[in-house]
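[1] I'd like to go over a predicted model; first the sequence, then the structure.
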Amino acid sequence: MQVLRVQHPGHLGMTLAIWVMGFSGIVAQVLLLRELLIVFSGNELSIGIILANWLVLEAAGSFLLGKKIESSRKKLEAYVLVQTIFSFALPLAVYWTRSLRGAIGAVPGEGFGLSVIFYSSLLLLLPVSLPHGALFTFGCRLYAEAHRRPASWAVGRVYLYETLGTIVGGIVLVYFMVPYLHSVRIALIVALLNLAVCPMLLKPFRQGIISVGTSAALVAVGYVLFGRGADQVHRLSVKRQWQCQKVVYYGNSIYGNIAVLEKEGQYTFFSNGVPVVAAPVPDIAFVEEFVHIPMLSHPEPKEVLILSGGAGGVIREVLKHPTVRRIDYAELDPMLLKVVRRFAGPAVRSELDDPRVHVHNMDGRLFVRRSPHEYDLIFIGLRDPSNLQVNRLFTEEFFLSAEGKLGRRGILVLGLPGSLTYISEELRDLNACILKTLEAVYPHIRIIPGDLNLYLTSPSPEVSRVTPSLLASRMRERSLEVSLLTPGYLRYRLHRRWLDWFSTSMEGARGGNNEDFAPLAVFRSLSHWNAIFAPSLRGWFGRLEGIGLGHIFPFLL
């Protein structure tokens, strides 16, 4: 009588497989999250939706697929099969994610509603996170069998090894992969790593179909990875992502993705799918209003601080004022400035290389805290507190810190989304939130309504007394060469009727201070975004503001 021998994986092979599972999970999660944020021009809400889908699919894979495979008679082969599916699904998911805009007919820069973000991310993540979730449940069973112990004994050890793999994966991804490799190559490396473990698990079945198949898959992935295939797939996917526009640069830093599009000599720089710089010709209306109205509101601006968004026009306009002696420019991502220098042209390079300009690659808020200088003007170059990172420059705590760096007649300048035709309820509440926060710190605030509402705040009352004729007089004294800001245009923009209209439009607005640990402006910004791209959910979204931790906590018990 023939005795059926049950084959078990080796101790080392199974331990390595679990470590690779943790390593692969964090790399796949972060990699696909970064790619999806580029497509969705992501904010905190889209990040939450993507992560929620990942966790739900992981749980579904662990509970449903993992339990089903656990009852299989050929557990080891089934585990390897699921690991192989995960290995192929990850690079395919990167490619499909980059193809999403073209598939649904969205042009670059176009926003998405919540339903599109939810369903598309769910479908794109499903073939990756579902099998990965199953690997954990099934890995516990195989690890227990490898050590001839009950499954309850194995769970804690499997979790430990997976966690160690996750920690190593996060470190390797951030410091050794993202800065040097594109996403397709990273996904192929993860696939190769998973497939390389399979032969170690399948030693008892060297002649089986699955063993031969995984070996062939390992060779195929290695050929694509180390040959020209990875770069070819990357270029093709980028072309599909930007729908055949001329992409002259596409790269990643630890802070996000940077893409540069060129058309007829004009370059547009995108950070995580959002346009941030246009060069060599900037948005003239924006840069001239944003820079010169505040600069002319100060009698003699010498020391200027720009927090993000200075390259490509803002610095150049500030330098036109002959009184300026020093500009400190804080930009978090050094790669962005490196790419801007490379493509934006000699005018942009000259502004960054001016001896009066001091570039600091660091967080703007950290720079304000550390800087020993006192400034006549501080410009916040970010226009919408749509995420927690940006919101740190719009909180009461930051405004207090910035107020301590302003001179006696210093001015803090920031802009928020606005309109000269209609201010929606969401846009009204966003502006009211920041205005109330500013009023808690600064005694004098000058508002210049427009498509970008310009806020000039100062400890000095002079900012409120500036007239169009005074601005025009100072403009002549400083011999400014401008395209838009004529004396007539200044009278139009600073006419009293716009401020009266703005004040009337703000009636009934919900206030509330924006603070570090109560980032109300982020929610108001997301409400505004939701009203534009998912208007059917406006009522539901608005009711969320009244929900606090006290309402949620009972459901967590």
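    Arrived safely.
[2] Not counting the helix or strand harbouring Ile258 itself, show me its contacts.
    If you go by DSSP states H and E, Ile258 is part of strand 256-263. By C-beta atoms under 8 Å, 6 or more residues apart in numbering, the residues outside strand 256-263 that reach it are 34, 37-38, 108, 238, 242, 245-252, 267-273, 333, 335-336, 339, 343. Just so you know, the C-beta spots here come from the backbone N, C-alpha and C atoms, and that holds for glycine as well.
[3] Would you agree Gly511 is in contact with Lys436?
    Yes - counting by C-beta atoms under 8 Å, Gly511 does reach Lys436; the two are 4.4 Å apart.
[4] quick one: which of the two has more around it?
    Taking other C-beta atoms under 10 Å, Gly511 and Lys436 do not tie; Lys436 has more neighbours (17 against 13).
[5] show me where pLDDT drops low in the stretch 1-150 of the chain?
    1-11, 66-67, 69-72 (pLDDT under 70).
[6] swap in the chain?
    In the chain, residues with pLDDT under 70: 1-11, 66-67, 69-72, 203-208, 542, 545-557.
[7] ok, now with 50
    Along the chain, segments meeting pLDDT under 50 span 1-6.
[8] circling back: give me the buried positions along the strand holding Ile258.
    Judged by neighbour count using 16 or more other C-beta atoms under 10 Å, the buried positions of strand 256-263 are Gly256, Asn257, Ile258, Ala259, Val260, Leu261.
[9] Include distance to Leu45 when you put the residues you listed into TSV, please.
    Shown next, in TSV, are the buried residues of strand 256-263 (distance: C-beta to C-beta, whole Å):
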residue	distance to Leu45
Gly256	17
Asn257	19
Ile258	23
Ala259	23
Val260	27
Leu261	26
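[10] could you dump stretch 119-129 to CSV, C-alpha only?
    What follows is the C-alpha trace of stretch 119-129 in CSV, where atoms were taken according to Å, rounded to 0.1, in the frame of the first residue of the first chain:
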residue,chain,number,x,y,z
TYR,A,119,-14.7,52.8,-7.9
SER,A,120,-11.6,53.2,-10.1
SER,A,121,-9.2,52.8,-7.1
LEU,A,122,-11.1,49.8,-5.9
LEU,A,123,-10.8,48.1,-9.3
LEU,A,124,-7.2,49.0,-9.8
LEU,A,125,-6.2,47.8,-6.3
LEU,A,126,-8.2,44.6,-6.3
PRO,A,127,-5.8,42.3,-8.2
VAL,A,128,-2.9,43.4,-6.0
SER,A,129,-4.3,43.7,-2.4
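[11] Report the distance from it to the chain centre.
    Remark: stretch 119-129 is offset 19 Å from the chain centroid, using C-alpha atoms, centre = their mean, to the nearest Å.
[12] Stretch 429-448 now?
    The answer for stretch 429-448 is 26 Å, by C-alpha atoms, centre = their mean.
[13] Next: stretch 82-100.
    Computed by C-alpha atoms, centre = their mean, the chain-centroid distance of stretch 82-100 equals 22 Å.
[14] Run through who's touching stretch 316-327.
    Against stretch 316-327 from outside (C-beta under 8 Å, 6+ apart): 287-288, 291-292, 295, 300-306, 310, 315, 347-348, 351, 354, 356-358, 373, 478-482.
[15] Could you tell me how many residues sit around the residue nearest to Arg392 when sequence neighbours are not counted?
    Distances taken as C-beta to C-beta, 6 or more residues apart in numbering put Arg365 closest to Arg392, at 5.2 Å, once the chain neighbours are dropped. By other C-beta under 10 Å, the residues close to Arg365 number 20.
[16] What of the one 3 residues further on?
    Look at Val368: counted by other C-beta under 10 Å, it has 21 neighbours.
[17] cool, Asn43 as well?
    Using other C-beta under 10 Å, Asn43 has 22 neighbouring residues.
[18] so how far is Ile186 from it?
    24 Å (C-beta to C-beta, to the nearest Å).
[19] what does Pro301 give?
    46 Å.
[20] same check, this time on Glu439
    With C-beta to C-beta as the criterion, Glu439 and Ile186 are 47 Å apart.
[21] When those two are compared, which one has more neighbours?
    The neighbour count for Glu439 versus Ile186, taken as other C-beta under 10 Å, is higher for Ile186 (24 against 15).
[22] and the top helix by length along the chain, how far out from the chain's middle?
    Secondary structure of the chain per DSSP state H: the longest helix is helix 114-146. Helix 114-146 sits 24 Å away from the centroid of its parent chain (C-alpha atoms, centre = their mean).
[23] Next, the distance between the ends of stretch 311-327.
    Criterion C-alpha to C-alpha, to the nearest Å; first-to-last residue distance in stretch 311-327 is 12 Å.
[24] Thanks a lot, catch you later.
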